[in-house]
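A.B. asks: Sequence unavailable; structure follows:
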């Protein structure tokens, strides 16, 4: 494992809003992160390196119940607001849960973010601004 959770947390501390996100992605990619997956239910994030070794953060906040009813259009509205710096991370995670988004996977090689529902279906793929 080329990176530690502490190193990733140090980079994440610099993120004040969604607008700071591209710099964060570049910084953790430079540490050796190739992809990571976030669980909306408790914030646990699993990081993978290029050798597919993993490390995870564990639970970051009290459990959120993710709705079984996907509301993709409303989620897209809330996502856009978050990306423009209009909501903080926890608010965004609550928005995900309310709208049936189970989590997301960031692929730092393809520079994509894939959101998925409670069934594991890919519901939205976005390009990460680089």
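C.D. replies: Right, received. Where do you want to start? Predicted model, so just to flag it, every value in this text is computed and none were measured.
A.B. asks: residues touching residue 87, list them.
C.D. replies: Counting by Cβ atoms under 8 Å, 6 or more residues apart in numbering, residue 87 makes contact with 78, 81, 95. C-beta: built from backbone N, CA, C; applies to glycine.
A.B. asks: Could you rerun that using 7 Å?
C.D. replies: Contacts for residue 87 were tallied using Cβ atoms under 7 Å, 6 or more residues apart in numbering; they are residue 81.
A.B. asks: What of residue 124?
C.D. replies: 72, 115.
A.B. asks: run the last query once more with 8 Å
C.D. replies: The contact partners of residue 124, taken as Cβ under 8 Å, 6+ apart, are 72, 75, 76, 79, 114, 115.
A.B. asks: That one belongs to a strand?
C.D. replies: Yes: using DSSP: H, G, I helix; E, B strand; the rest coil, the assignment for residue 124 is a strand.
A.B. asks: hang on, the earlier thing: using PyMOL, define a selection of the buried residues within the contacts of residue 124.
C.D. replies: Typed into PyMOL, the line below selects the buried ones among these, using 16 or more other Cβ atoms under 10 Å:
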select buried, resi 75+79+114+115
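A.B. asks: among the contacts of residue 124, which are in strands?
C.D. replies: Here DSSP state E is the test, and the contacts of residue 124 give 114, 115 as lying in strands.
A.B. asks: Low-confidence regions, this protein specifically.
C.D. replies: Counting by pLDDT under 70, the chain has low-confidence residues at 1, 130.
A.B. asks: Quick one: the strands in it, in order.
C.D. replies: Along the chain, the stretches classed as strands by DSSP E are 33-39, 45-49, 54-56, 101-107, 112-117, 122-127.
A.B. asks: Can you say which of those is packed in most?
C.D. replies: Most buried of the strands of the chain by mean neighbour count (mean count of other Cβ atoms under 10 Å) is strand 101-107; its value is a mean of 21.
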